[in-house]
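Peer 1: make a model of this:
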Amino acid sequence: MRIWSIHPKYLDSKGLVALWRETLLAKKVLEGNTKGYKNHPQLNRFKNSVSAIDCINHYLSFVYDESVKRGYNFDKKKISDFIQCELNVSNGQLKYELNHLLKKLKLRDTERYNKLTGIADIEANSFFKIIDGEIEDWEISVIS
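Peer 2: Model prediction:
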């Protein structure tokens, strides 16, 4: 499961569709509607918020907005009403995620890879407030 902190505009089509599906699964986990993934580290930032369900729905709304910009047909009804919230993400986490994405894109979308290589000012999903810091403690870091 990968719930990206970077802006969804960076994702290729495969990545954006996967983000939508995986975040919907995360929503089910947070709602208690599934048995798997209950202790997945990617969920910790939502679990530690004031309202995990509101936050995951708000996050999904930004993924949905990106899908609309691309002409995709994601089902907006899968997003429940929510009270807006915001979570922090570190600039170190954003850098880690962009590098992680670049490794994937190098194999499956070289055109997008070339466009994103060398980005210095990484945008977060608009749901997040960027703070200074290293990779988040919930991240399962795979250094290669």
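Peer 1: now residue 136: phi and psi?
Peer 2: phi -60, psi 150 (degrees, to the nearest 10).
Peer 1: nearest residue to it other than its sequence neighbours?
Peer 2: In this structure, residue 136 finds its nearest non-sequential neighbour in residue 93, 4.6 Å apart by Cβ to Cβ, 6 or more residues apart in numbering. Yep, even glycine has a C-beta here, placed from its N, CA and C like the rest.
Peer 1: in terms of secondary structure, what does the lowest-mean-pLDDT helix or strand in the chain contact?
Peer 2: Every helix and strand in the chain was compared by mean pLDDT, DSSP states H and E; the lowest is helix 44-47, with a mean of 92. Applying 3 or more Cβ pairs under 8 Å, 6 or more residues apart in numbering; DSSP states H and E, one finds that helix 44-47 makes contact with helix 13-31, helix 52-69.
Peer 1: stretch 4-21 - what's its average pLDDT?
Peer 2: Mean per-residue pLDDT for stretch 4-21: 97.
Peer 1: other residues contacting it?
Peer 2: 2-3, 60, 62-64, 66-67, 69-70, 72, 74, 89, 93-94, 97-98, 101, 104-105, 108-109, 112, 116, 122-126, 128 (Cβ atoms under 8 Å, 6 or more residues apart in numbering).
Peer 1: show only the entries of these found in strands.
Peer 2: Secondary structure from DSSP state E places 89, 128 of the contacts of stretch 4-21 in strands.
Peer 1: PyMOL command for the buried members of the contacts of stretch 4-21?
Peer 2: Restricted to buried positions by 16 or more other Cβ atoms under 10 Å, the PyMOL selection for those reads:
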select buried, resi 2+3+60+62+63+64+66+67+74+89+93+94+97+98+101+104+105+109+112+116+122+124+125+128
